[in-house]
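1. how would this look folded up:
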Amino acid sequence: MQKKADIKRILLIGIPMLLLAIGIKTLGSESRLLWFERNSPNSTHASFFLFSGDKERAFKVEENERVTVEWLPEIKKGSLQLSVKKPSSDEIITFRQKQTHSFTAEQNGKVKLLISGQDSRGKFEVRWSITSADS
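-> Numbers count the residues shown, from 1 in each chain. Sure, this is the predicted structure:
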């Protein structure tokens, strides 16, 4: 009878731990716990219980196109920031709070977005729009 009770305890503790482990992604110094992500052609959104590490996203632009990037973080704990790298430029724009920034692409290439978190809890959304110079 004692063996049945021990097996039940193991299952009651083991199954939730297994489900929790499935929700964790750990690669080197990066960790994501209960990470839910949604991407579209002009935005990325994620909510999470714990995020430490980096998430990258990029999109193409052409010379003279106007790019607007909107950063919408809602952080309950830790730190989170967005870095935006213009095409073929060493200039990096860093967002730490809710902010919108616009610039004109000086040449064809990719705009790179890097979301960096350190023991963060909450969610974020990054939206971008591209308009031609003729508009």
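
2. Check which helices and strands the longest strand along the chain sits against.
-> In the chain, with assignment by DSSP state E, the single longest strand is strand 109-131. Packing contacts for strand 109-131, counted by 3 or more Cβ pairs under 8 Å, 6 or more residues apart in numbering; DSSP states H and E, involve strand 43-61, strand 66-85. C-beta coordinates here come from the backbone N, C-alpha and C atoms, glycine included.

3. try 10 Å
-> Secondary-structure packing of strand 109-131 (3 or more Cβ pairs under 10 Å, 6 or more residues apart in numbering; DSSP states H and E): strand 30-33, strand 36-40, strand 43-61, strand 66-85, strand 92-95, strand 99-104.

4. so can I have a markdown table of these showing distance to I15 and mean pLDDT?
-> Output for the helices and strands packed on strand 109-131, formatted as a markdown table (distance: least, Cβ to Cβ, whole Å; pLDDT from 0 to 100):
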| stretch | distance to I15 | mean pLDDT |
| --- | --- | --- |
| strand 30-33 | 18 | 80 |
| strand 36-40 | 21 | 93 |
| strand 43-61 | 19 | 93 |
| strand 66-85 | 28 | 95 |
| strand 92-95 | 40 | 91 |
| strand 99-104 | 43 | 92 |
